[in-house]
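>>> Kindly return the folded structure for what I paste below:
(chains A, B, C and D)
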Protein chains: 4
Amino acid sequence: MVMDRLKGVLAPIPTPFGEDGELALDRLAANLERWNDQPLDGYVVGGSNGEFVTLTPEERVRVVEAARKSVPRERLLIAGAGTESTRETIDLSKRMARVVADAVIVVTPSYYRSRMTASALEAHYRAVADACPVPLLLYSVPAHTALDLPADTAVRLSHYPNVLGIKDSGGDVTKIARMVRESAAGFRVLAGSAGFFLAALAVGAVGGVMALANLAPGKLNDCYRAYARGDLETARAIQLSLVEANTAVTARFGVAGLKAALEEMGYYGGPVRPPLMPLVPAERDELRGILQRAGLIS
Amino acid sequence: MVMDRLKGVLAPIPTPFGEDGELALDRLAANLERWNDQPLDGYVVGGSNGEFVTLTPEERVRVVEAARKSVPRERLLIAGAGTESTRETIDLSKRMARVVADAVIVVTPSYYRSRMTASALEAHYRAVADACPVPLLLYSVPAHTALDLPADTAVRLSHYPNVLGIKDSGGDVTKIARMVRESAAGFRVLAGSAGFFLAALAVGAVGGVMALANLAPGKLNDCYRAYARGDLETARAIQLSLVEANTAVTARFGVAGLKAALEEMGYYGGPVRPPLMPLVPAERDELRGILQRAGLIS
Amino acid sequence: MVMDRLKGVLAPIPTPFGEDGELALDRLAANLERWNDQPLDGYVVGGSNGEFVTLTPEERVRVVEAARKSVPRERLLIAGAGTESTRETIDLSKRMARVVADAVIVVTPSYYRSRMTASALEAHYRAVADACPVPLLLYSVPAHTALDLPADTAVRLSHYPNVLGIKDSGGDVTKIARMVRESAAGFRVLAGSAGFFLAALAVGAVGGVMALANLAPGKLNDCYRAYARGDLETARAIQLSLVEANTAVTARFGVAGLKAALEEMGYYGGPVRPPLMPLVPAERDELRGILQRAGLIS
Amino acid sequence: MVMDRLKGVLAPIPTPFGEDGELALDRLAANLERWNDQPLDGYVVGGSNGEFVTLTPEERVRVVEAARKSVPRERLLIAGAGTESTRETIDLSKRMARVVADAVIVVTPSYYRSRMTASALEAHYRAVADACPVPLLLYSVPAHTALDLPADTAVRLSHYPNVLGIKDSGGDVTKIARMVRESAAGFRVLAGSAGFFLAALAVGAVGGVMALANLAPGKLNDCYRAYARGDLETARAIQLSLVEANTAVTARFGVAGLKAALEEMGYYGGPVRPPLMPLVPAERDELRGILQRAGLIS
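Numbers count the residues shown, from 1 in each chain, chains lettered A, B, ... in the order given. Coordinates of the predicted model:
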């Protein structure tokens, strides 16, 4: 069962592009080969860190298809399938299932935000859950959508068949606690950023899907296991050591920062697609210092 | 020259769907036939009111192509071509030019909003302006994107070749005044909503692209002409009479409200695409009252 | 009747402090003497530009009392009397009436903003209007309070005895138009910033209470009269020429900018009270350039 | 040393008023007598839950003076001393020290928020810390001030003499983690709301100043001690059981909710001062249900 395996530390991997801006699927394979040696519990492919908004639907499917070839079946592969349209999301979810994604993750539609009422969002997710051959993970990421999936809506959806859990990137731990407490048994709440990973675990989250897991899978896994065995001091020390690096590859420098950091660590990073812009040299230097202070590069 | 004709009252038309959710291009033709009898200076096709975010790129082109067949050459047809990706926007802009759009309108990318710095946005628009065979209209609509194209950026872009003007829907008249004053000669500033049409004209906007122009083209044209001839009392009376109806088909009920209002007036409205939801009966009743008070239906 | 005289251009004057931070009422008198020669329709004393939040209640009354001595009875003197407490606001309003303020202006309480519902705000203003011996002007200034007095609430209050009008500094012209249209006959809507003065007039505002009126009373009066006689071109030219200077003494540099600008023009400016900080030299230089471009200094 | 004792569970107590709206200091004494029997590590008097914004400076001092008579010296008494003015804050801090407050807590000034830069806030707190005879606790509460004291500023201030720590009510655990990691040794970070108490502890906060501590001191102390001894399961169970009740007496119903809840539990609650409004009967019923579900009343 997917549900049982969805926990721990998952990496929302970036999508590699060549210098021409085209998909570089060989680079994807090479990166995954390295990540497969790391203590990761799964991958999200084609999410926010995968620049899904600048991928065509065809590219989104191709990336997941390619990733699946490198990701062993015992590791979860969750495919980003969110769009602004319910029917496109359904269509894309089905295609993701066909290329053997274990689950799909669907971000809140947000363009018509003043009309994205609780009932509109609930109807959207119910329609997708009904049609999708694999389980559905809700995804709330106000930094990108300027819209927070309400806790009440998540709780109601937790009782709906085929709704697996939620990745919440908003950082509101009180909301995470509420969802843990009030949602259906088995509903999985995951932290959407390493900045509040331990805090989320403390109130009952089962893991995290975190950009930083691309860079620090071992440390985050150590944190997770230390927490699990009750060694809070170790867990806290790791958590605190990672806050600055996490901010660098999320709020501060975004995907461009994540790709640059991967390059610093010997992975393939490569360009971001415009309108995203690469780091300027001064930002790159600063990033290097941050990674050093976090013990991720020497 | 397109630039000379871009002024007055333009309607950002909705995209008609059949009950099956598919494009209903015959309905589009019928609506346009009626609008062509109205004193409108042009159309925006496939913009926010055209539900572009739930159209595929192919559908976006087909709608513009179909509209062009009904829109006489002396009326402007501006095609929505914005996407989250610079290269997709360029590609779509070229296709829009091929189906004989007079200009394209490109909304700010917004998903990676913390990285959509002034320089990223400027680079995006410059790249599109360079590649696009027809003039480019900037489009800032914070209600949808939670991002305001900075006045400084618009001013800088106003000096760039092929940048025609801006549709600003943010409602900040001080910003509109700044852009009018500081932008290059010939740069056209247009109000993005009828709520502040007259106010924008008063500080030098040349017209408006306004959802309400679908419903009240005659009144808005009267307002525009009254203002132009210095008859402010008449202009103000019309403006004030339309504020409530304008709010109903924008901030309050959105595209579903606009389509319902069109139906009340004998146009084809039809369904919105989910996750947008139709008005509930009580909302429909309220909308009817608002249209009556505005003198748009009896 | 105060109501009939409340229109045109009013200056919300700053409160002069000596180098020791104490009230410098002689400086106030000297400034007012100069302003009295300018075409101003009235003054607001002890408002946001008067740093009321760092004045004690006693100081607030003393400043109004002192100002009244310099302000001829045919010019309106409106006293800031807002506090976070209904009963303190009532008490202060009464004291302001005793020192012969013509009206009081009361900002929305905002500290408990999540509980400042429409009904709480309405009850607050009704209680003040009931108790206050002079007319009451509502005051909405989201830049300071992070709270917008809802248009509906203003409209309801416009029908209440002793409620004179509103100073709205939010810059939402659509809201201003709604209040003009829906409020009781005689309710006066005033622009709260020169950035949207002409736009507000165009939709029916009767004037403005504007920081910039301290610096450019003649130009703003010219704008107002040009608008009144239907000479929109002149009105617009003046409005556009003032946008940059207005931003400098409001959103950008605040009260410290206003005081520095007064000094540049030969008025007394003097220090702001901490935690407000004076302009640094580079800001002062920039301000000087802005005032020159606006034709306010040579 | 105050610093050593500042940890655990502190209650920010409400200020009791009689039906006439005047201070009811006998009620305060009675409430404190009961709280003194509870496992509380201290009190904040005259903070946000103490309605300080509707108290005069004299009343603020009187409440603290009265509270001190009931609070044994071995329990911390921290006095709210924040105002919009640096010099008033200094003055009030000195008065609080004279009535034997152990420390003062000073909220960020916020009215001139666009000018409340990091350097303005830092200068404000340094001036207060310099002048204040007792230690100073920073206080960031964006729900009330619409301003978040930046982590960097808190970190810089942590190195300044007499700056004891921070109460952070913003709920951003990533920020709390950053402050814990980067601030000077001995700087105390406290959660400002029970909604994220355990999460804050998990990243190194030393305790909390929480409205809910007025109602559930025993449960919050149990949570704190369970966490301290590594019994996370117990800590989490308590935390989760309190989330709904916490929201009720903070974001949802505010101080009026807190006072009503106290009445349900046999304490004195009494009226709030307008413009705050009491709960309507339906809200009161709902609150009662919430307290029952949290096991706080039967």
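>>> where do the strands sit along the stretch 1-150 of chain A?
A:8-13, A:42-45, A:76-80, A:103-107, A:136-140 (DSSP state E, counting those that start in this stretch).
>>> How about residues contacting the third one?
Applying Cβ atoms under 8 Å, 6 or more residues apart in numbering or on different chains, the external contacts of strand A:76-80 come out as A:2, A:5-6, A:10, A:41-48, A:50, A:52, A:60, A:64, A:67-68, A:71, A:96, A:99-107, A:137, A:209. All C-beta atoms are positioned from the backbone trio N, CA, C, and that covers glycine.
>>> near chain B, which residues of the stretch 151-298 of chain A show up?
Along the stretch 151-298 of chain A, the residues adjacent to chain B under the rule Cβ under 8 Å from any Cβ of the partner chain are A:Ala251, A:Phe253, A:Gly254, A:Val255, A:Ala256, A:Arg273, A:Pro274, A:Pro275, A:Leu276, A:Met277.
>>> A:Asp26: neighbour count?
The number of residues packed around A:Asp26, counting by other Cβ atoms under 10 Å in any protein chain shown, is 12.
>>> so how far is A:Gly18 from it?
Using Cβ to Cβ, to the nearest Å, we find A:Asp26 at a distance of 9 Å from A:Gly18.
>>> Columns mean pLDDT, distance to A:Ile297 and mean neighbour count on top of the strands of the stretch 1-150 of chain A, output as a markdown table?
Formatted as a markdown table, the entries for these read as follows, by pLDDT from 0 to 100; distance: least, Cβ to Cβ, whole Å; neighbours: other Cβ atoms under 10 Å in any protein chain shown:
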| stretch | mean pLDDT | distance to A:Ile297 | mean neighbour count |
| --- | --- | --- | --- |
| strand A:8-13 | 98 | 18 | 26 |
| strand A:42-45 | 98 | 22 | 28 |
| strand A:76-80 | 98 | 28 | 27 |
| strand A:103-107 | 98 | 29 | 27 |
| strand A:136-140 | 98 | 30 | 27 |
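>>> Any idea which of those strands gets closest to A:Val243?
strand A:8-13 (16.3 Å; Cβ to Cβ).
>>> Measure how that closest one sits relative to strand A:103-107, angle-wise.
What separates the directions of strand A:8-13 and strand A:103-107 is an angle of 70 degrees, with axes from the mean of the first three to the mean of the last three Cα atoms, to 10 degrees.
>>> Could you check which residue of the stretch 1-150 of chain A lies nearest chain C?
Taking Cβ to the nearest Cβ as the measure, the point where the stretch 1-150 of chain A comes nearest chain C is A:Ser114, at 14.5 Å.
>>> Quick one: the helices in the stretch 51-200 of chain A, in order.
A:57-70, A:86-98, A:118-131, A:142-145, A:151-158, A:173-182, A:197-202 (DSSP state H, counting those that start in this stretch).
>>> and the fifth one, anywhere near chain D?
No. For helix A:151-158 and chain D, the contact criterion (Cβ under 8 Å from any Cβ) is not met; the two come no nearer than 9.8 Å.
>>> contacts for that helix?
Surrounding helix A:151-158, the residues in contact under the criterion Cβ under 8 Å, 6+ apart are A:118, A:121-122, A:125-126, A:129, A:138, A:140, A:163, A:165-166, A:168, A:175, A:178-179, A:182-184, A:187.
>>> now do the second one
Counting by Cβ under 8 Å, 6+ apart, helix A:86-98 makes contact with A:57, A:60-61, A:64, A:79, A:81-83, A:104, A:106, A:109, A:123-124, A:127-128, A:131-134, A:136, B:21, B:54, B:56, B:273-275, all of which sit outside it.
>>> are any of the contacts of helix A:151-158 buried, and which?
Restricting these to buried positions leaves A:121-122, A:125-126, A:129, A:138, A:140, A:163, A:165-166, A:168, A:175, A:178-179, A:182-183, A:187, with burial counted as 16 or more other Cβ atoms under 10 Å in any protein chain shown.
>>> that older thread, okay if I get the helices of the stretch 51-200 of chain A as CSV plus mean pLDDT and distance to C:Glu244?
Shown next, in CSV, are the helices of the stretch 51-200 of chain A (pLDDT from 0 to 100; distance: least, Cβ to Cβ, whole Å):
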stretch, mean pLDDT, distance to C:Glu244
helix A:57-70, 98, 45
helix A:86-98, 98, 45
helix A:118-131, 98, 42
helix A:142-145, 98, 33
helix A:151-158, 98, 45
helix A:173-182, 98, 43
helix A:197-202, 98, 46
